[in-house]
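*Asks:* no FASTA, just this:
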């Protein structure tokens, strides 16, 4: 009777400890200039993305007359219009939601796959571990973008395809990181003790291993999101995105293929690229700062 | 009993004869070829899984007589079993026979060869820039730790890494080709150029190479500088650095003979790991500048739904990356005998 009660209290303890760890880590993150800029930037994009979804229709309406095309920035159109007379400003706001959604969804797939492979592989070990890590190395060696292009070209065009393709090609690095962390945790005294008192492997993983690797998973996930946002933009620029949706990469494709770049129509080129760069930068800064915060060697300095 | 020991002896002898197979280089080479085998197989099965009749996909025509379809099936070996086709495909890949392009109606290899050369020119130029600027900035930052170059390096590197490569290319075109008119917008040579000699041709290609090479380099130069800086900072805490200082060696000598030399190795390995990323940058850059390389070939194959060309270009890019990574790993393992000994 007393044993289940004891495990329960352990769980409660680890949860409150988890939130405490989260809070201290966030405070450390905020102290780093990089981390602060990143968090503020991301906050801006979250609000901007929600604003874009509710404020404008997707895709924004095209202009009615030929004169509406390629208009320079003015009071009517803050950032001018594109080759179809659509407002660049409106498209920009609509694109924020798409970039965020693709980035987060693709990362979720990659992190779930990576966590499952990394944790089971590290915990089970042996042949299974060898095989899975061999597979991970294969995915790390094969150049990702060409592989993604081939997959996206063959599969049906659309947002789900892009999300899945980016997700299933990015699981290997998180899997390797998580496995390494699990291996270092596996032989620690509290795990051995949990094994000795007869805790089931799944339970040990959930209660002891997952909370301990959560930090490194989160830091890596944020960096993966940065890469996913970039990849989505590249695919849209190459014409492999959803043709019916407006995204920042698609806007740049319009600028490129309609000849706006060669005509020097900067308002179609600068804003979308700047937005991609800033959104990616916000994730990169947070991810990089968080990695430093979680690294005990650097914290000691 | 005796036969048992005999077989055991044979087994031991065989094992020692094949012992080199266990060595790091042998395992590494095997792994590289396994990777390429997987890429080739992936290409084959992906093509098999395409919706619709492959013969119709090849013909690129919905309305065809059954006779014509049969002919195409026979010509492309589609009438045989899938496994037989797979085997033929693999043997052909080994001989670098990658089939016919749907669009150009000529062997894919004829299209790949010039594209491969152009891609290597562009990547080589970009790598040279990354090497020179990345290492120089990294060494300065690592040596003068706490200086302004050093403290701003992390932020600069992260910012540059966050830029979409294709957008950097568009911006460079906007500034240096359109506004200032200094450099050509696209291509590898001037249109309808007639050269007076090889130097004139070289100059023309060089002029076209500048913007694309910088586009690729700008995005990764910060990361390489950061890696060099960090490994120099790590080396600086080593005992032999302290010993060198205690012996009263000149700071410059300590930096180059002891610091940079030892810091370069880890930088080199990490650089080899970014080759895949470099190819990603090359593909985007080639599209922006219409640089007739493998990336542009892939882009056009996607537009034309020319699958044999698309797969072959992907395979060649994979070969470049896998072999270059292999070479870097083997070179590194020779320099550092600890690699692969575990």
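*Replies:* Now that the structure is in, tell me what you want to look at. Just so we're clear, the structure is a prediction, and the values are computed from it rather than from any experiment. Numbering: from 1, shown residues only, chains lettered A, B, ... in the order given.
*Asks:* which other residues reach the host helix or strand of residue A:184?
*Replies:* Assigned by DSSP states H and E, residue A:184 belongs to helix A:172-186. With contacts defined as Cβ atoms under 8 Å, 6 or more residues apart in numbering or on different chains, helix A:172-186 is touched by A:110-111, A:113-115, A:117-119, A:121-123, A:129, A:132-133, A:135-140, A:191, A:208-209, A:212-213, A:216-217, A:220-221, A:224. Heads up, the C-betas are built off the backbone N, CA and C, glycines and all.
*Asks:* Please spell out which residues along that helix are buried.
*Replies:* A:172, A:173, A:174, A:175, A:176, A:177, A:178, A:179, A:181, A:182, A:185, A:186 (16 or more other Cβ atoms under 10 Å in any protein chain shown).
*Asks:* Could you give the number of residues near residue B:146?
*Replies:* 8 (other Cβ atoms under 10 Å in any protein chain shown).
*Asks:* tell me the pLDDT at it?
*Replies:* We note a pLDDT of 75 for residue B:146 in this prediction.
*Asks:* Within reach of chain B, which of the contacts of helix A:172-186 are there?
*Replies:* Checking the contacts of helix A:172-186 against chain B by Cβ under 8 Å from any Cβ of the partner chain, the ones in range are A:137, A:138.
*Asks:* Now, of the contacts of helix A:172-186, which are buried?
*Replies:* When the contacts of helix A:172-186 are checked for burial by 16+ other Cβ under 10 Å, the buried set is A:110-111, A:113-115, A:117-119, A:121-123, A:129, A:132-133, A:135-136, A:139-140, A:191, A:208-209, A:212-213, A:216-217, A:220-221, A:224.
*Asks:* ok, whichever residue of the stretch 101-250 of chain B sits closest to chain A - contacts?
*Replies:* Across the stretch 101-250 of chain B, the shortest distance to chain A (Cβ to the nearest Cβ) belongs to residue B:167, at 3.4 Å. For residue B:167, the contacting residues are A:233, A:252, A:269, A:272, A:273, A:276, A:277, by Cβ under 8 Å, 6+ apart.
*Asks:* Closest one to chain B out of those, please.
*Replies:* When the contacts of residue B:167 are compared against chain B (criterion: Cβ to the nearest Cβ), the nearest one is residue A:273, at 3.4 Å.
*Asks:* For that closest one, which non-adjacent residue is closest in space?
*Replies:* Of all residues not flanking residue A:273 in the chain, residue B:167 sits nearest, at 3.4 Å (Cβ to Cβ, 6 or more residues apart in numbering or on different chains).
*Asks:* What's the per-residue pLDDT of the one you found here?
*Replies:* 95.
*Asks:* can you give me the strands for the stretch 151-300 of chain B?
*Replies:* Taking DSSP state E, counting those that start in this stretch as the test, none of the stretch 151-300 of chain B falls into strands.
*Asks:* what does it put close to chain A?
*Replies:* Residues of the stretch 151-300 of chain B lying close to chain A (Cβ under 8 Å from any Cβ) are B:154-155, B:158-159, B:161-167, B:170-171, B:173-174, B:178-179, B:185, B:275-276, B:279-280, B:283-284, B:287-288, B:298-299.
*Asks:* pLDDT weak spots in chain B?
*Replies:* When residues are selected by pLDDT under 70, those of chain B lie in B:1-7, B:9-22, B:50-64, B:76-77, B:337-342.
*Asks:* change it to 50
*Replies:* B:1, B:342 (pLDDT under 50).
*Asks:* Domain-wise, how is it divided?
*Replies:* What automatic domain parsing lists as the domains of chain B is B:3-94, B:110-340.
*Asks:* which one of these is the most hemmed in?
*Replies:* Among the domains of chain B, domain B:110-340 has the highest mean neighbour count (mean count of other Cβ atoms under 10 Å in any protein chain shown), at a mean of 19.
*Asks:* which bits of the stretch 1-150 of chain B sit near chain A?
*Replies:* B:31, B:32, B:34, B:35, B:38, B:39, B:43, B:46, B:49, B:50.
*Asks:* how about those in a markdown table, adding secondary structure?
*Replies:* Converted to a markdown table, those look like this (DSSP: H, G, I helix; E, B strand; the rest coil):
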| residue | secondary structure |
| --- | --- |
| B:31 | helix |
| B:32 | helix |
| B:34 | helix |
| B:35 | helix |
| B:38 | helix |
| B:39 | helix |
| B:43 | helix |
| B:46 | helix |
| B:49 | coil |
| B:50 | coil |
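*Asks:* Include distance to residue B:253 when you put these into TSV, please.
*Replies:* Output for the residues of the stretch 1-150 of chain B next to chain A, formatted as TSV (distance: Cβ to Cβ, whole Å):
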residue	distance to residue B:253
B:31	40
B:32	39
B:34	46
B:35	43
B:38	49
B:39	47
B:43	53
B:46	56
B:49	62
B:50	63
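*Asks:* elements contacting the host helix or strand of residue A:52?
*Replies:* Element membership of residue A:52, judged by DSSP H and E, is helix A:33-55. Contact partners of helix A:33-55 among helices and strands, from 3 or more Cβ pairs under 8 Å, 6 or more residues apart in numbering or on different chains; DSSP states H and E: helix A:2-31, helix A:88-124, helix A:266-294, helix B:148-162.
*Asks:* list the contacts for the nearest residue to residue B:166 once chain neighbours are set aside?
*Replies:* In space, and not counting its chain neighbours, residue B:166 is closest to residue B:284: 4.0 Å by Cβ to Cβ, 6+ apart. Applying Cβ under 8 Å, 6+ apart, one finds that residue B:284 lies in contact with A:234, A:237, A:238, B:164, B:165, B:166, B:169, B:295.
*Asks:* Name the next helix or strand downstream of the helix or strand hosting the first one, please.
*Replies:* In this structure, residue A:234 is located in helix A:210-237 according to DSSP H and E. Toward the C-terminal end, the helix or strand that comes next after helix A:210-237 (DSSP H and E) is helix A:248-257.
*Asks:* Does that next one pack against any helices or strands, and if so which?
*Replies:* Helix A:248-257 sits against helix A:88-124, helix A:210-237, helix A:266-294, helix B:165-172, with contacts defined as 3+ Cβ pairs under 8 Å, 6+ apart.
*Asks:* Toward the C-terminus, what is the element adjacent to the longest one?
*Replies:* If I follow you right, that is helix A:88-124. Downstream of helix A:88-124 (by DSSP H and E), the next one is helix A:126-141.
*Asks:* hmm, back to that, from the chain's centroid, how far away is the helix holding residue A:234?
*Replies:* 3 Å (Cα atoms, centre = their mean, to the nearest Å).
*Asks:* I'd like the average pLDDT over it.
*Replies:* Here the average pLDDT along helix A:210-237 is 89.
*Asks:* for that helix, which positions count as buried?
*Replies:* A:210, A:212-213, A:215-237.
*Asks:* returning to that earlier point: looking at the helices and strands packed on helix A:33-55, which is closest to residue A:256?
*Replies:* helix A:266-294 (8.3 Å; Cβ to Cβ).
*Asks:* Quick check: which helices or strands does that closest one pack against?
*Replies:* Partner elements for helix A:266-294 (3+ Cβ pairs under 8 Å, 6+ apart): helix A:2-31, helix A:33-55, helix A:88-124, helix A:210-237, helix A:248-257, helix B:148-162, helix B:165-172.
*Asks:* Report the buried residues of it.
*Replies:* A:266-273, A:275-277, A:279-294.
*Asks:* Likewise for stretch A:195-207?
*Replies:* For stretch A:195-207, burial by neighbour count (16+ other Cβ under 10 Å) applies to A:199, A:204, A:205, A:207.
*Asks:* With distance to chain B added, can I get those residues in TSV?
*Replies:* Putting the buried residues of stretch A:195-207 into TSV (distance: Cβ to the nearest Cβ, whole Å) gives the following:
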residue	distance to chain B
A:199	31
A:204	27
A:205	27
A:207	32
